[in-house]
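In: build the 3D model from these lines:
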Amino acid sequence: MVAILCLGVILLVAYAKAVASSDIKVVCGKDFIRIKWKISAELVPNAARLFLGTCMATTLNVLPSGEGEVYFNQKLADCQFQRLITRKYVTFANEMTYRPEPRSKPAAFVHAVQCVYLRPPGIVPSSLNPGYGVSEGRGNLVFHMALLDEKLSSVAKSNVITLGALLPIWATVEQKSHQPLLLLMEECVATSTPELHAGSAVHPIIGNKGCLLESMTENSLFLPRYQTSAVTLVLQAFQLGHGEEVYIHCKLVAWDPDALDETNKACHYKKESMRWELLDDPSNSSICSCCDSTCASRFKRGVELDHGFSHFSVLGPLIIMDPSDSKANMSMESVPAP
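Out: Numbering: from 1, shown residues only. Coordinates of the predicted model:
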């Protein structure tokens, strides 16, 4: 059973919306969230393994029945909430999880929570930022890709990046009424054009069904997940050509978290161990071994998958500047933040 709790907030926030199960009650405030999570007696001894994003519970109340009530009182600026800004709304999204095993293992329970507010005047919608892309795919899923700032806390305010600097790219899918999905970046290439053509010169980033090729030669990697529906890719900024704009084209796949295999995975190369590692379960990294050869494909582009959905997204333009180039320095100074 799904309940919808609404809270009107005066000032800049016109309303907030939170979705919860019968055992998870959510209240969204102006800049905070309060959650009451009722848990069984069996879970009470393991209440420390319950999380809101990266935050542990604030308090635990053990009931006479032996059941427990776990409370989270947190600011929306904490716990690694993801903020999405559209023309009308500001959405703060996170996940409630139960993790009886180390964080490298998938969570035993995942429940998405959101607080949605009317967008206050003065906040620029992310969709108007050249470092942000949003598109709707099959199954009414909405996919986003964004360039993040250095703190990985929000969408970058400028699309100008210094050559060699870290380039954090965040992708997510709005799951809506779907069961929890795992977002994967199956293929990504960089090009100087917003559209891919048969003769386009491309720089491969991710290929072979989820292998981060850039991690073999550069300081590129996938960051640990805190939400199955989002993934953060960190690249080392590169130039395609002197002064050329860069567009990142990615095939995103929203997949069944329990159906990882050689054709649906997120793998990066660990130079210290000289082996490929599976982002979502390093102990099962053997499925990444095909990254050195060919990972078999069972599906064609643009079709609905047995366990998920795929979609193509584009991020850009990004402007990669060489700091040793005096003209580039002048250009960087002249490009205002949007």
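In: for the residue nearest to the spatial centre of the chain, list the residues it contacts.
Out: In the chain, the C-alpha closest to the average C-alpha coordinate belongs to Ala230, at a distance of 2.6 Å (C-alpha atoms, centre = their mean). Taking C-beta atoms under 8 Å, 6 or more residues apart in numbering, we find Ala230 in contact with Gln82, Trp170, Ala171, Thr172, Val173, Leu183. Every C-beta, even on glycine, is put in place using the N, C-alpha and C of the backbone.
In: repeat the analysis, applying 6 Å as the threshold.
Out: Thr172 (C-beta atoms under 6 Å, 6 or more residues apart in numbering).
In: what's the spacing between it and Gln80?
Out: As judged by C-beta to C-beta, to the nearest Å, Ala230 and Gln80 stand 10 Å apart.
In: next one: Glu150
Out: Summarising the geometry, the distance separating Glu150 from Gln80, computed by C-beta to C-beta, is 15 Å.
In: try Pro45
Out: 26 Å.
In: just want to know which of these two has more residues nearby.
Out: Gln80 (16 against 9; other C-beta atoms under 10 Å).
In: the closest residue to that one other than its chain neighbours and Ala112: what is the separation?
Out: Nearest residue to Gln80 in three dimensions, chain neighbours excluded: Gly53, at 4.5 Å (C-beta to C-beta, 6 or more residues apart in numbering). Between Gly53 and Ala112 the distance is 11 Å, computed by C-beta to C-beta.
In: try Glu262
Out: Here the criterion is C-beta to C-beta. By it, Glu262 lies 28 Å from Ala112.
In: ok, Ala254 next?
Out: In this structure, Ala254 and Ala112 are separated by 13 Å, where distance is defined by C-beta to C-beta.
In: check Gly29 too.
Out: As judged by C-beta to C-beta, Gly29 and Ala112 stand 19 Å apart.
In: just so I have it, where are all the strands in the stretch 201-338 of the chain?
Out: In order along the chain, the stretch 201-338 of the chain carries the following strands (DSSP state E, counting those that start in this stretch): 203-207, 211-212, 221-222, 230-236, 245-255, 267-270, 275-278, 309-321.
In: out of those, the one nearest Asn61 is which?
Out: strand 230-236 (31.3 Å; C-beta to C-beta).
In: just the CA coordinates for that closest one, please, in PDB.
Out: Taking Å, rounded to 0.1, in the frame of the first residue of the first chain, the C-alpha atoms of strand 230-236 are listed here in PDB:
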ATOM      1  CA  ALA A 230      21.800   6.700 -10.200                       C
ATOM      2  CA  VAL A 231      25.400   6.300 -11.200                       C
ATOM      3  CA  THR A 232      28.300   8.800 -11.100                       C
ATOM      4  CA  LEU A 233      31.100   8.500 -13.700                       C
ATOM      5  CA  VAL A 234      34.300  10.500 -13.100                       C
ATOM      6  CA  LEU A 235      36.500  11.200 -16.200                       C
ATOM      7  CA  GLN A 236      39.700  13.000 -16.600                       C
END
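In: partner strands of it and their direction?
Out: Partner strands and pairing direction for strand 230-236 (DSSP bridges) are strand 166-174 (antiparallel), strand 221-222 (antiparallel).
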